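Participant: Any chance you could fold what I've pasted below:
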Amino acid sequence: MSNINSIDPKTAADWIKSGEAVLIDVREAVEHAAERIANAELLPLSAFRIDAVPQDQRVIVHCAGGKRAAQAVGFLQVSGHKDVHNMEGGIMGWKRAGFATVS
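Facilitator: Predicted structure coming up:
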(Lines give C-alpha, C1' and ligand atoms only; values in the text may rest on other atoms or scores of the structure.)
Protein backbone atom coordinates (compact mmCIF):
# COMPACT_ATOMS: atom_id res chain seq x y z
CA MET A 1 0.00 0.00 0.00
CA SER A 2 1.13 3.57 -0.64
CA ASN A 3 2.35 5.87 2.08
CA ILE A 4 -0.67 7.44 3.75
CA ASN A 5 -0.92 11.22 3.43
CA SER A 6 -1.84 12.67 6.83
CA ILE A 7 -2.74 16.19 7.88
CA ASP A 8 -3.41 17.78 11.24
CA PRO A 9 -6.90 18.97 12.24
CA LYS A 10 -5.99 22.67 11.84
CA THR A 11 -4.91 22.17 8.23
CA ALA A 12 -8.07 20.13 7.63
CA ALA A 13 -10.22 22.89 9.13
CA ASP A 14 -8.51 25.51 6.96
CA TRP A 15 -9.00 23.47 3.79
CA ILE A 16 -12.66 22.76 4.63
CA LYS A 17 -13.41 26.38 5.53
CA SER A 18 -11.82 27.69 2.32
CA GLY A 19 -13.62 25.11 0.18
CA GLU A 20 -10.33 23.49 -0.83
CA ALA A 21 -11.41 20.02 0.34
CA VAL A 22 -14.38 17.77 0.96
CA LEU A 23 -14.61 15.84 4.21
CA ILE A 24 -15.55 12.14 4.30
CA ASP A 25 -16.51 10.42 7.56
CA VAL A 26 -15.85 6.66 7.39
CA ARG A 27 -17.32 5.86 10.81
CA GLU A 28 -20.57 3.93 11.10
CA ALA A 29 -23.94 5.69 10.77
CA VAL A 30 -24.68 5.44 14.50
CA GLU A 31 -21.37 7.18 15.32
CA HIS A 32 -22.03 9.89 12.73
CA ALA A 33 -25.58 10.46 14.02
CA ALA A 34 -24.37 10.85 17.62
CA GLU A 35 -21.64 13.38 16.80
CA ARG A 36 -20.08 14.64 13.59
CA ILE A 37 -18.05 17.39 12.02
CA ALA A 38 -20.33 19.81 10.20
CA ASN A 39 -20.66 19.08 6.47
CA ALA A 40 -18.86 15.73 6.70
CA GLU A 41 -20.22 13.27 4.17
CA LEU A 42 -20.89 9.83 5.66
CA LEU A 43 -19.36 6.92 3.76
CA PRO A 44 -18.85 4.08 6.29
CA LEU A 45 -15.77 1.96 5.81
CA SER A 46 -17.96 -1.13 6.22
CA ALA A 47 -19.79 -0.15 3.01
CA PHE A 48 -17.02 1.88 1.40
CA ARG A 49 -17.52 2.79 -2.25
CA ILE A 50 -14.48 4.23 -3.96
CA ASP A 51 -16.68 5.49 -6.81
CA ALA A 52 -18.56 7.71 -4.32
CA VAL A 53 -15.42 9.74 -3.59
CA PRO A 54 -14.67 12.57 -6.01
CA GLN A 55 -11.38 12.17 -7.89
CA ASP A 56 -11.19 15.78 -9.03
CA GLN A 57 -11.21 17.33 -5.54
CA ARG A 58 -8.95 17.31 -2.50
CA VAL A 59 -10.40 14.83 -0.04
CA ILE A 60 -9.95 14.58 3.73
CA VAL A 61 -11.01 11.34 5.39
CA HIS A 62 -11.69 10.96 9.10
CA CYS A 63 -12.96 8.37 11.55
CA ALA A 64 -12.92 8.23 15.35
CA GLY A 65 -9.16 8.02 15.90
CA GLY A 66 -7.47 7.60 12.53
CA LYS A 67 -7.16 3.87 11.79
CA ARG A 68 -10.24 3.38 9.62
CA ALA A 69 -9.54 6.63 7.80
CA ALA A 70 -5.96 5.54 7.06
CA GLN A 71 -7.33 2.31 5.61
CA ALA A 72 -9.81 4.23 3.42
CA VAL A 73 -7.07 6.63 2.26
CA GLY A 74 -4.95 3.63 1.31
CA PHE A 75 -7.82 2.18 -0.75
CA LEU A 76 -8.31 5.52 -2.49
CA GLN A 77 -4.60 6.00 -3.22
CA VAL A 78 -4.33 2.52 -4.72
CA SER A 79 -7.39 3.27 -6.88
CA GLY A 80 -5.76 6.37 -8.32
CA HIS A 81 -6.91 9.22 -6.07
CA LYS A 82 -4.00 11.65 -5.84
CA ASP A 83 -5.08 14.33 -3.35
CA VAL A 84 -6.52 12.36 -0.43
CA HIS A 85 -5.53 12.79 3.21
CA ASN A 86 -6.11 11.13 6.58
CA MET A 87 -6.96 13.64 9.31
CA GLU A 88 -4.68 12.73 12.22
CA GLY A 89 -6.54 11.72 15.37
CA GLY A 90 -9.94 11.56 13.68
CA ILE A 91 -12.86 13.31 15.30
CA MET A 92 -11.13 12.96 18.69
CA GLY A 93 -8.14 14.89 17.34
CA TRP A 94 -10.49 17.46 15.85
CA LYS A 95 -12.08 18.07 19.27
CA ARG A 96 -8.67 18.10 21.05
CA ALA A 97 -7.62 20.85 18.63
CA GLY A 98 -10.60 22.90 19.83
CA PHE A 99 -12.91 22.53 16.85
CA ALA A 100 -16.66 22.09 17.24
CA THR A 101 -18.81 19.10 16.38
CA VAL A 102 -22.56 18.81 15.94
CA SER A 103 -24.96 16.16 17.20
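
Participant: from memory Gly65 sits against Gly90, does it?
Facilitator: Yes. With contact defined as C-beta atoms under 8 Å, Gly65 and Gly90 form a contacting pair (4.5 Å). Where you see a C-beta, it was placed from the backbone N, CA and C, and this is true even at glycine.

Participant: and those two? which has more neighbours close in?
Facilitator: Just comparing Gly65 and Gly90: by other C-beta atoms under 10 Å the higher neighbour count belongs to Gly90, 24 against 15.

Participant: can you map out the strands along this protein?
Facilitator: Per DSSP state E, the chain has strands spanning 6-7, 21-25, 41-42, 58-62, 84-87. These are given in chain order.

Participant: Can you lay out those strands as a markdown table showing mean neighbour count, mean pLDDT and distance to Gln71?
Facilitator: Listed next are the strands of the chain as a markdown table, based on neighbours: other C-beta atoms under 10 Å; pLDDT from 0 to 100; distance: least, C-beta to C-beta, whole Å:
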| stretch | mean neighbour count | mean pLDDT | distance to Gln71 |
| --- | --- | --- | --- |
| strand 6-7 | 16 | 95 | 13 |
| strand 21-25 | 22 | 97 | 12 |
| strand 41-42 | 15 | 96 | 16 |
| strand 58-62 | 26 | 97 | 9 |
| strand 84-87 | 26 | 97 | 9 |
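
Participant: Give me the longest helix you can find in this protein.
Facilitator: With residue count as the measure and DSSP state H as the assignment, the chain has helix 67-78 as its longest helix.

Participant: model confidence over that helix, on average?
Facilitator: Over the span of helix 67-78, the pLDDT mean works out to 94.

Participant: For stretch 70-86, buried residues please.
Facilitator: Buried residues in stretch 70-86, counting neighbours by 16 or more other C-beta atoms under 10 Å, are found at 70-77, 81, 83-86.

Participant: picking up where we left off before, show me what the longest helix of the chain packs onto, helices and strands only.
Facilitator: Counting contacts by 3 or more C-beta pairs under 8 Å, 6 or more residues apart in numbering; DSSP states H and E, the secondary-structure elements packed against helix 67-78 are strand 58-62, strand 84-87.
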